[in-house]
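> give me coordinates for this.
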Amino acid sequence: METLIEEMLDGHILLGEAMSEFEKLYIQKALKRNDKHLSKTADALGIHRNTLSKRVVAYQTPPKTPKRLLARRTK
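Next up, the predicted model:
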């Protein structure tokens, strides 16, 4: 774990990015372990099934580009 943290710091990965990636991978592994059963996975993670469902959808959806950046692209 220490080595991974050092590599992330050397690569200038921000804390928020690291935490998001960890959560995503953690949930993916938990889903696999529970045969993609949302209720069982949510129980194993200690979160509500609806929370897990929302996070799974968020990981499958590409991040939204802010409207101000989209406006710049169209000019």
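> low-confidence ranges, this structure, go.
Low-confidence segments of the chain, defined by pLDDT under 70: 63-75.
> biggest helix in it by residues?
Counting residues, the longest helix found in the chain (DSSP state H) is helix 15-33.
> contacting residues around it?
Around helix 15-33, the neighbours that count as contacts under C-beta atoms under 8 Å, 6 or more residues apart in numbering are 8, 38, 41, 44-45, 52, 55-56, 59. C-beta: built from backbone N, CA, C; applies to glycine.
> and that helix, how far from the chain's centre?
Using C-alpha atoms, centre = their mean, to the nearest Å, the mean C-alpha position of helix 15-33 is found 5 Å from that of the whole chain.
> buried residues, it. List them.
Using 16 or more other C-beta atoms under 10 Å as the test for burial, helix 15-33 gives 27, 30-31.
> on that earlier part again, with distance to residue 22 and neighbour count added, can I get the contacts of helix 15-33 in CSV?
Listed next are the contacts of helix 15-33 as CSV, based on distance: C-beta to C-beta, whole Å; neighbours: other C-beta atoms under 10 Å:
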residue, distance to residue 22, neighbour count
8, 10, 15
38, 20, 14
41, 16, 23
44, 16, 14
45, 13, 17
52, 16, 20
55, 13, 16
56, 15, 17
59, 12, 13
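> of all these, which two lie farthest apart?
Distance extremes for the contacts of helix 15-33: the farthest pair is 8 and 38 at 29.6 Å, using C-beta to C-beta.
> show me the helices in the protein, by range?
2-10, 15-33, 38-45, 49-60, 67-74.
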